[in-house]
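*Asks:* Predicted model and sequence follow; I will ask about them next.
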Protein chains: 2
Amino acid sequence: MLAYIEAMSNTPFVAVIDLLRASALIQERFAGELGSVHGLALGEALLLMHLERAPLQRLTRVDLAKRLHASASTVTRMAAPLEKTGFVIRQSDPRDARLAYVALTEAGLAAVREVRQTLEKRSAELFRDRWSEDDIAALAHLLGRLTAGEPGTLV
Amino acid sequence: MLAYIEAMSNTPFVAVIDLLRASALIQERFAGELGSVHGLALGEALLLMHLERAPLQRLTRVDLAKRLHASASTVTRMAAPLEKTGFVIRQSDPRDARLAYVALTEAGLAAVREVRQTLEKRSAELFRDRWSEDDIAALAHLLGRLTAGEPGTLV
DNA sequence: CCAATATACTTGCATACGGAAGTATGTTGG
DNA sequence: CCAACATACTTCCGTATGCAAGTATATTGG
């Protein structure tokens, strides 16, 4: 009862805690199939999805870092194996030699489209039980407001 | 426009993607102050909060692992520095010698209460702009449905 | 023009994580 | 009773991450 009262008076905190728990749950549930079926980590999939939605389907490493909420060094190291697989290639900017774009290849585009389908399937399964279309839409809308200020689009 | 149509027909996917992004955003924003003010990582704070809400304010390592969506080895290693700090102590079960409880100490209880206050403040700030009480409550309720099956209570 | 500063990226280092293997204890079926 | 299996925990190993430092290029202010 006390927990209930406390929860009612601390709605933002409850939302944040449940959001973190839901995120961990989703990552746990999605990572396995993503790795075994597509050979990609969740982070790599998100990286490719950002590229897919970017102009010219390419982004600099710092832009990717901001979109992925990761450090620049992490992006550098994430790009290396994807480059080796042939999903991305390195491109330089003739006007600014500091920039090293991570650009999606044809193979990468094909891969990210398959990955997206897998993620869509699993996402739908997540709400299969006792969730109305309106509930899901409401959740998506509210979460969208939280991420409204973030750079980049993934869907 | 195409993205808009696609988004509308893939609401579960949109919700999942935005949930992951919101989670990364929150972790990024909370981790700094949590570390500098309380000397704790976000994961350590969640561990202590689980202990605070558990019966006898203690849990076995496997229970903690389930609640934290972490591996058993991770919990073992997370508990070590907390034990060194004096926030938790190791307890054994007289009936089952395999069990090694992680139990909250008085110092740990004091620490987790302060951490909780910090998290509550930051959580409130997250919704300070353009969020009505009803919006926050709706979000908390929907996220609560996602984590309803999870073991343990944090709020 | 150029010195100072800012930006983009990479690499070294310390830390954190999951999975597999190992150890210890508990449970179960014959 | 005890052999086979299950459970709880720890340690080892490979991998991933952030931060700080280093390099290279671009921009800015005098």
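*Replies:* Structure received. Predicted, not measured: the structure shown is a model, and the values here were computed from it.
*Asks:* which residue is nearest the centroid of chain A?
*Replies:* A:Leu46 (3.8 Å; C-alpha atoms, centre = their mean).
*Asks:* Neighbours of the closest residue to that residue other than its chain neighbours, how many?
*Replies:* Counting by C-beta to C-beta, 6 or more residues apart in numbering or on different chains, A:Leu68 is the residue found nearest to A:Leu46 once chain neighbours are left out, at 6.1 Å. Using the backbone N, CA and C atoms, a C-beta is placed for each residue, glycine as well. By the criterion of other C-beta atoms under 10 Å in any protein chain shown, A:Leu68 has 20 neighbours.
*Asks:* Break down chain A into its strands, ranges please.
*Replies:* For chain A, the strands defined by DSSP state E cover A:58-60, A:88-92, A:100-104.
*Asks:* In TSV: these, plus mean neighbour count.
*Replies:* Below are these laid out as TSV (neighbours: other C-beta atoms under 10 Å in any protein chain shown):
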stretch	mean neighbour count
strand A:58-60	21
strand A:88-92	16
strand A:100-104	21
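*Asks:* Which stretch among those strands approaches A:Ser73 most closely?
*Replies:* Go through those one by one with C-beta to C-beta and the one that ends up closest to A:Ser73 is strand A:100-104, at 13.2 Å.
*Asks:* per-residue confidence averaged over the closest one?
*Replies:* For strand A:100-104, mean pLDDT is 98.
*Asks:* Which elements pack onto it?
*Replies:* Packing contacts for strand A:100-104, counted by 3 or more C-beta pairs under 8 Å, 6 or more residues apart in numbering or on different chains; DSSP states H and E, involve helix A:42-53, strand A:58-60, helix A:61-68, helix A:72-85, strand A:88-92.
*Asks:* contact partners of the first one?
*Replies:* So that's helix A:42-53. For helix A:42-53, contacts defined as C-beta atoms under 8 Å, 6 or more residues apart in numbering or on different chains pick out A:27, A:30-31, A:34, A:38, A:40, A:57-59, A:64, A:67-68, A:70, A:75, A:78-79, A:81-82, A:87-88, A:102-104, A:108-109, A:111-113, A:115-116, A:119, A:152-154, B:3, B:20.
*Asks:* Mind checking which of those are buried?
*Replies:* Buried by 16 or more other C-beta atoms under 10 Å in any protein chain shown: A:30, A:34, A:38, A:40, A:57-59, A:64, A:67-68, A:70, A:75, A:78-79, A:82, A:87-88, A:102-104, A:108, A:111-112, A:115-116, A:119, A:152, A:154, B:20, out of the contacts of helix A:42-53.
*Asks:* Okay, the residue nearest to the centre of chain A and A:Met78: tell me how far apart.
*Replies:* Spatial separation of A:Leu46 from A:Met78 under the definition C-beta to C-beta, to the nearest Å is 10 Å.
*Asks:* Poorly predicted segments of chain A, please.
*Replies:* Where chain A drops to pLDDT under 70, the residues are A:1-8.
*Asks:* Would you tell me which residues of it are close to DNA strand D?
*Replies:* Contact residues, chain A versus DNA strand D (C-beta under 7 Å from any atom of the strand): A:41, A:43, A:69-74, A:77-78, A:81, A:95-98.
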